[in-house]
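Trainee: Got a predicted structure here, sequence first:
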Amino acid sequence: MASSPERHDYVDGMMVVAVEDGDDRALQAKALAYRLRRLAHRLETDIKRELAPHGVELWELELLACLIRAEPGHRLSAGQLVTQLQLTTGAVTNRVRQLEEKGWVTRDFDPADRRSVLVALTPAGEKRAMEVFAVKTDTECRLLSVLSAATQRRINDDLRKVLLNLET
């Protein structure tokens, strides 16, 4: 679906008043950053709303997903969770404690390094995550369906370049 030049979004209105000494690259970067933040906020808001009736928070599903992807044994160290979830150690500790109370994860000392804690997915945690993954996926697909698969691939490739640059 081609974009129509006469249609404007909220960011277009903001950019009309932005003065950047005519630097188009700066204006485009600013507009893209605003759109990415607005889209991320909308995705998160809609996903949380869709997950709520299932009794699962988005952060819970994201942590469970990290463990489901972890092979072998569906377990990761707390440090690995910090890195993957991009959270502080305190936040990960708190979240793991809450999921442990629900019976979805367990915590044990790493037998190879007693200073390290391993977080493992329980069968109940895996079952719960698998029950609601489709809800999250359906919401993502619905919100992004205005873009063709080819456009989504191109945007994914472009954003991957940005993230790889930031993560190195």
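Mentor: That came through fine. Numbering: from 1, shown residues only.

Trainee: Point out where this protein drops to low pLDDT.
Mentor: 1-5, 13-14, 16-22 (pLDDT under 70).

Trainee: let's go with 50 and repeat that
Mentor: Residues of the chain that meet the criterion pLDDT under 50 lie in 1-2.

Trainee: Against K136, how distant is R42?
Mentor: The gap separating R42 from K136 is 14 Å, by C-beta to C-beta, to the nearest Å. In this view, the C-beta of every residue, glycine as well, is placed from N, C-alpha and C.

Trainee: same check, this time on L64
Mentor: Separation of L64 from K136 (C-beta to C-beta) stands at 11 Å.

Trainee: cool, A70 as well?
Mentor: The value you get for A70 to K136, if C-beta to C-beta is used, is 19 Å.

Trainee: Comparing these two, which shows the higher neighbour count?
Mentor: For A70 versus K136, the count of surrounding residues by other C-beta atoms under 10 Å is larger for K136: 22 against 19.

Trainee: Give me the sheet partners of the lengthiest strand in the chain and which way each runs.
Mentor: In the chain, with assignment by DSSP state E, the single longest strand is strand 113-121. In the sheet, strand 113-121 lines up against strand 75-77 (antiparallel), strand 105-110 (antiparallel) (DSSP bridges).

Trainee: looking at the ones you listed, which is buried most?
Mentor: When you average the neighbours per residue for each of the strands paired with strand 113-121 (mean count of other C-beta atoms under 10 Å), strand 75-77 leads with a mean of 19.

Trainee: what sits up against it?
Mentor: Here strand 75-77 makes contact (C-beta atoms under 8 Å, 6 or more residues apart in numbering) with 66-67, 70, 84, 110, 116-121.

Trainee: which one of the residues you listed is nearest R49?
Mentor: Nearest to R49 out of the contacts of strand 75-77 is C66 (C-beta to C-beta; 22.6 Å).

Trainee: quick one: the closest residue to the closest one other than its chain neighbours and I68, what's the gap?
Mentor: Sequence neighbours aside, Q84 is the residue nearest to C66 in space, at 4.9 Å (criterion: C-beta to C-beta, 6 or more residues apart in numbering). Distance of Q84 to I68, computed by C-beta to C-beta: 12 Å.
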